[in-house]
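Student: mind looking at a prediction? Sequence and model below.
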Amino acid sequence: MILVTGGAGYIGSHCVQALLDAGRDVVIFDNLSTGHRETVEKLAGAGFVEGDLKNPADINGVFEKFDIEAVVHFAAFSQVGESVKEPYKYFQNNVCGSMNLLEAMVKHDCKKIVFSSTAAVYGEPDYTPIDENHPKHPINPYGETKLTVEMIMDDFEKAYGLKSVRLRYFNVAGADAQGRIGEWHEPETHLIPNVLKAAINPGKTFNLFGDDYPTKDGTCVRDYIDVNDLIDAHLLALKYLQSGGGTNVFNLGTQTGSTVKEVFETCKKVTGKEIPYEIQPRREGDPAILVADNKKAREILDWQPSRTLNDSVKNAWNWECQFINLNK
Ligand SMILES: NC(=O)c1ccc[n+]([C@@H]2O[C@H](COP(=O)([O-])OP(=O)(O)OC[C@H]3O[C@@H](n4cnc5c(N)ncnc54)[C@H](O)[C@@H]3O)[C@@H](O)[C@H]2O)c1
């Protein structure tokens, strides 16, 4: 049985679906703080325990009830701006919650975990593409919480032999190709769903922050990794750990960047709509370029991201259209 924390959320639900599609037994642990019961209901075949990682009894109960061979740990808060305003909430949830999970794992002799980390651990890039050895100097509490959990995992390995694979995601995008699940954040802070929402909702305008960066068209460059490719890497990371692989860290990105304007044009092409937009001043803390060096994941995990930005936008648009119809 694989335990997926945060399986009611955007990325976690895609992982649960992929594990079910691969014939694995899965139990979801989620407190539905930012995830959704409707999502869990769609993941037929997965077990569900509603509980909070901040409460040790909740997570210990899962290990008492199920024979867990490995954990994929997505549960966290992940809004950068909110983390700046409410650092206590972020450290308490992301760090204390993860500590409770790790302690419960050790107590029940479960020693393999795949962890959702983030490119935010690197902070402002010193060079690009960013490899795993790039200095880690996060510039917001969100990134600090993820780096702290990575450090705690090192200590748990030394003390108890717990093996972890930390996957540092760049910009995750897209949805299930069959339209079963997709991105559902409230509020939505990610670029592609926000452009698509401006395409579909009358009166909504897409805000483009900064068009005077030193990039080819003046807008920020980011590395958009399709959620299905991202989840392929999680399944490979589980296989790596379950076949004796040691603690490791991998960047998950495509190694190619797209500008905000390129993403916007792709959204226009996929939707066939004119999308209202306004240029706003730059946001504080947005580096001009963030692109992953993904060589290590390709070499060690044998991972090969194959979906294009167009694929991600197409699946996200399919999801967004279903979503607006359901919520009319
Ligand atoms: N979306 C991205 O682009 C991105 C990029 C880098 C890293 N990540 C990381 O990936 C993971 C998943 O992100 P997402 O976009 O799917 O977010 P999400 O908010 O959709 O999912 C997070 C899930 O965790 C659950 N959760 C949060 N705190 C919990 C707690 N204390 N106990 C139990 N459940 C709890 C939420 O209810 C939600 O279902 C997060 O760890 C995030 O930091 C995401």
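Tutor: Great, that's in hand. Keep in mind that what you see is a predicted model, and the values were worked out from it rather than measured. Numbers count the residues shown, from 1 in each chain.
Student: list the contacts of Gly47.
Tutor: The contact partners of Gly47, taken as CB atoms under 8 Å, 6 or more residues apart in numbering, are 1, 25-28, 66. Just so you know, the C-beta spots here come from the backbone N, C-alpha and C atoms, and that holds for glycine as well.
Student: specify which member of those is nearest to Thr308.
Tutor: Val26 (28.6 Å; CB to CB).
Student: ok, now which ones touch the residue lying closest to that closest one once chain neighbours are set aside?
Tutor: Leaving aside its sequence neighbours, Val26 sits nearest to Ala46 (CB to CB, 6 or more residues apart in numbering; 4.4 Å). With contacts defined as CB under 8 Å, 6+ apart, the neighbours of Ala46 are 4, 7, 16, 19-20, 26-28, 40.
Student: buried only: go through these for me.
Tutor: With burial judged by 16 or more other CB atoms under 10 Å, the buried subset of those is 4, 7, 16, 19, 26-28, 40.
Student: closest to Thr266 among those residues?
Tutor: Using CB to CB as the measure, the one of the buried ones among the contacts of Ala46 that approaches Thr266 most closely is Val16, at 27.9 Å.
Student: for that closest one, give me its contacts.
Tutor: Applying CB under 8 Å, 6+ apart, we find Val16 in contact with 4, 7, 26, 28, 43, 46.
Student: could the residues you listed be laid out in TSV, adding distance to Lys163 and pLDDT?
Tutor: Listed next are these as TSV, based on distance: CB to CB, whole Å; pLDDT from 0 to 100:
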residue	distance to Lys163	pLDDT
Val4	18	98
Gly7	21	98
Val26	20	98
Ile28	22	98
Leu43	27	96
Ala46	24	98
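Student: closest to Ile231 out of the residues you listed?
Tutor: The shortest gap between Ile231 and any of the contacts of Val16 belongs to Val4, at 10.9 Å (CB to CB).
Student: residues from the stretch 51-200 of the chain in reach of the ligand?
Tutor: Proximity of the stretch 51-200 of the chain to the ligand is assessed by CB under 6 Å from any ligand atom, with 52-54, 74-76, 78, 93, 97, 116, 118, 169, 171-172, 185 identified as the residues in range.
Student: for ChimeraX, write a command that selects the buried ones of these.
Tutor: Restricted to the buried members of those, where burial is judged by 16+ other CB under 10 Å, the ChimeraX selection command reads as follows:
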select :52,53,74,75,76,78,93,97,116,118,169,171,172
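Student: which of the helices or strands spans Glu64?
Tutor: helix 56-65 (DSSP states H and E).
Student: determine which two of the buried ones among the contacts of Ala46 are furthest apart.
Tutor: Spatially, the most separated pair among those is Leu19 and Val40, at 14.0 Å (CB to CB).
Student: the chain - how does it break down into domains?
Tutor: Annotated domains of the chain cover 2-173+224-252, 191-222+255-326 [automatic domain parsing].
Student: let me know which of these is the nearest to Arg180.
Tutor: Evaluated with CB to CB, the domains of the chain place domain 2-173+224-252 nearest to Arg180, the distance being 5.9 Å.
Student: and the closest residue in space to Ala237 that isn't next to it in sequence, backbone torsions?
Tutor: Leaving aside its chain neighbours, Ala237 sits nearest to Val165 (4.2 Å; criterion: CB to CB, 6+ apart). Listed backbone geometry of Val165 is phi -120, psi 120, with angles given as degrees, to the nearest 10.
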